[in-house]
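Peer 1: pasted the sequence and its predicted model underneath.
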Amino acid sequence: MARILDGKVINQQILDELKPRIAHLTSARRAPGLVVILVGNDPASEIYVRNKVKTCLELGVHSEEIRLPDTTTTAELLAHIETLNQRPAIDGILVQMPLPKQVDSRAVLLAIRPDKDVDGFHPFNVGQLVANAPAPRSCTPAGVMEILRRSGIDPAGSDAVVVGRSDIVGKPMAMLLLHAHATVTICHSKTQNLPEVCKRAQILVAAIGRPAMLTAEYIRPGAVVIDVGMNRVSSRPEAERITRGDAEKLARFEKRGSLLVGDVHPLDMAELSEAYTPVPGGVGLLTIAMLMSNTVQSAEHRLK
Ligand SMILES: NC(=O)C1=CN([C@@H]2O[C@H](COP(=O)(O)OP(=O)(O)OC[C@H]3O[C@@H](n4cnc5c(N)ncnc54)[C@H](OP(=O)(O)O)[C@@H]3O)[C@@H](O)[C@H]2O)C=CC1
Ligand SMILES: Nc1nc(=O)c2c([nH]1)NC[C@@H]1CN(c3ccc(C(=O)N[C@@H](CCC(=O)O)C(=O)O)cc3)C=[N+]21
Ligand SMILES: [Mg+2]
């Protein structure tokens, strides 16, 4: 039987550890402050923003939301960031990705003060990551490392395969695993013989954005499988493929009109792996925990 790496439990551990630090900050000066900028309405970003607001309330972190239309220009976005860079009560600025295509994302990421960049996406912080030097780390990959560490899984010396090479997940994930002394392979849409490459992985991380794409032929028996994917499935044949006709799960799909699934086939993952992160209830929750952790750290840095 595979171990479920429970995001809820680990998330709560991390939040509980942050509480006394937040209490100290609040009495010494003020609560940590986080601002989220959401341009347009990307569904994955909506889930993220909703859970973020909830967690900030639970922790007593001051949070603000700036919602802008998907016609927003680069200049308008830069003006907001400049204001937030100057505000002393704001410790973290997070601009939801992806941005609409008329916006110059690089210019936006460069504009955020690196010490308020709680996503770790500023080129300075990316450089610090590559150099293994202290700086805010990208939340999702940092959350994956916390899951591994707190579950007693040490990547040192093991074969790790990361499927996906995005700037926000795949690349920083590979770098963190490398720093933890894994032997890392990064795969993408041009990779040949993907099933064979994945099947060599003792630690397999999927960050693709394709519902239940990694099936049994990709999974080494006994592997640790980390499923970063968050996909909403609304087609009936896809739901049948993913649930393998399980009547109860199909009924739930019919009722809600959709199914939230990762990039790994959930039944194959549960059957073949030694340990895995479920979707939902896995990596997504840790992304929030690490965002809170980065915000608290930024506030502590500013208190000095
Ligand atoms: N749980 C969480 O906290 C978070 C979850 N996510 C989820 O993780 C997933 C990935 O997100 P993100 O990294 O932003 O996505 P991107 O779309 O930016 O990147 C996807 C990557 O997967 C690769 N890829 C796509 N199709 C295939 C294929 N058929 N075979 C092999 N590789 C393929 C792409 O290759 P190429 O580079 O060649 O195009 C690319 O490198 C999504 O489901 C997203 O919703 C994202 C952020 C946080
Ligand atoms: N600048 C930026 N940084 C990001 O980190 C970023 C982003 N943009 N854009 C969108 C993606 C997506 N993302 C999620 C984080 C948490 C959940 C999450 O909380 N998931 C829970 C809840 C799921 C649910 O409520 O249905 C779970 O997996 O259990 C989801 C998605 C961060 N992203
Ligand atoms: Mg993040």
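Peer 2: Received the coordinates, thanks. Ligands and ions are numbered 1, 2, ... in the order given.

Peer 1: C-alpha only now, for contacts and for neighbours.
Peer 2: Fine.

Peer 1: can you show me the strands along the stretch 201-304 of the chain?
Peer 2: With DSSP state E, counting those that start in this stretch as the criterion, the stretch 201-304 of the chain has strands at 203-206, 224-227, 231-233, 259-261, 275-276.

Peer 1: okay, now L303: neighbour count?
Peer 2: Other residues within reach of L303, judged by other Cα atoms under 10 Å, total 11.

Peer 1: who's in contact with it?
Peer 2: L25, R29 (Cα atoms under 8 Å, 6 or more residues apart in numbering).

Peer 1: any figure for the gap between it and I22?
Peer 2: 12 Å (Cα to Cα, to the nearest Å).

Peer 1: for the residue of the chain found nearest ligand 3, grab phi and psi.
Peer 2: Among the residues of the chain, C139 lies closest to ligand 3, at 3.9 Å counting by Cα to the ion. C139 adopts backbone torsions of phi -70, psi -40, taken as degrees, to the nearest 10.

Peer 1: my read: it touches D117, true?
Peer 2: No: C139 is beyond contact range of D117, at 10.9 Å (criterion: Cα atoms under 8 Å).

Peer 1: F124: neighbouring residues, count only.
Peer 2: Neighbours of F124 under the rule other Cα under 10 Å: 15.

Peer 1: one more: M175?
Peer 2: Neighbour count for M175, taken as other Cα under 10 Å: 19.

Peer 1: find the nearest non-adjacent residue to it, please.
Peer 2: Nearest non-adjacent residue to M175, counting by Cα to Cα, 6 or more residues apart in numbering: V130, 6.7 Å away.

Peer 1: which parts of this structure belong to which domain?
Peer 2: 29-131+287-303, 139-285 (the TED database).

Peer 1: out of those, nearest to K8?
Peer 2: Among the domains of the chain, the nearest to K8 by Cα to Cα is domain 139-285 (6.0 Å).

Peer 1: for K52, which three-state class applies?
Peer 2: Following DSSP: H, G, I helix; E, B strand; the rest coil, we place K52 in the helix state.

Peer 1: for it, which non-adjacent residue is closest in space?
Peer 2: Of all residues not flanking K52 in the chain, I288 sits nearest, at 6.2 Å (Cα to Cα, 6+ apart).

Peer 1: alright, calling it a day.
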